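> return a 3D structure for these sequence lines:
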Amino acid sequence: MDPFVHLAVFKVVVCSVCQYAVLPSQISHHLSGSNSHNITKEARERISKEVNQIEGLILCRAELDKLPIPVSPTQPPIPELRRPRTDGKGCPFAPCRYISC
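Numbering: from 1, shown residues only. Here you go, the predicted model:
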């Protein structure tokens, strides 16, 4: 399943190279979209199959909205994930909460 790490508490897999959570349906696409992975098509298919066999993973973006996000400043960061960006620009129109980096 390398380069993915299963974070059972959050019901996601995280790419250890990019430090991004990836939906099971996007595994092969994620691995083919970057030169930093250098993974053959056969390996991408094998990894995708392994990830898709993990029970309980979040399967779609709509389910991500239900994911409990740690909000306490005393909670340590999740080491498998990239640190949050701080250079985003927020939409100036209320009540829109869209932020783009």
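> can you get me a residue count around residue 22?
Neighbour count for residue 22, taken as other C-beta atoms under 10 Å: 18. Every residue, glycine included, has its C-beta placed from N, CA and C.
> gap between it and residue 90?
26 Å (C-beta to C-beta, to the nearest Å).
> go on, residue 36?
With C-beta to C-beta as the criterion, residue 36 and residue 90 are 29 Å apart.
> equivalent analysis for residue 63, please.
Taken as C-beta to C-beta, the span from residue 63 to residue 90 is 25 Å.
> and residue 99, by the same measure?
5 Å.
> relative to residue 52, how far out is residue 97?
Distance from residue 97 to residue 52, by C-beta to C-beta: 32 Å.
> the more surrounded of these two?
Taking neighbours as other C-beta under 10 Å, residue 97 and residue 52 compare with residue 52 leading, 12 against 7.
> quick check: residue 26 vs residue 32, distance?
10 Å.
> for residue 5, see how far away residue 28 is.
17 Å.
> contacting residues around residue 7?
Residues counted as contacts of residue 7 (C-beta atoms under 8 Å, 6 or more residues apart in numbering) are 13, 14, 21, 78, 80.
> make that residue 20, sorry
14, 30, 81, 82.
> next up, phi/psi of the closest residue to the second one other than its chain neighbours, please.
Leaving aside its chain neighbours, residue 30 sits nearest to residue 22 (4.8 Å; criterion: C-beta to C-beta, 6 or more residues apart in numbering). Listed backbone geometry of residue 22 is phi -130, psi 130, with angles given as degrees, to the nearest 10.
> try residue 12
Torsion angles, degrees, to the nearest 10, at residue 12: phi -140, psi 170.
> does the nearest residue to it once chain neighbours are set aside count as helix, strand or coil?
Distances taken as C-beta to C-beta, 6+ apart place residue 21 nearest to residue 12, at 4.3 Å, with adjacent residues excluded. For residue 21, the assignment made with DSSP: H, G, I helix; E, B strand; the rest coil gives strand.
> what number of residues lie near residue 21?
Residues near residue 21, counting by other C-beta under 10 Å: 22.
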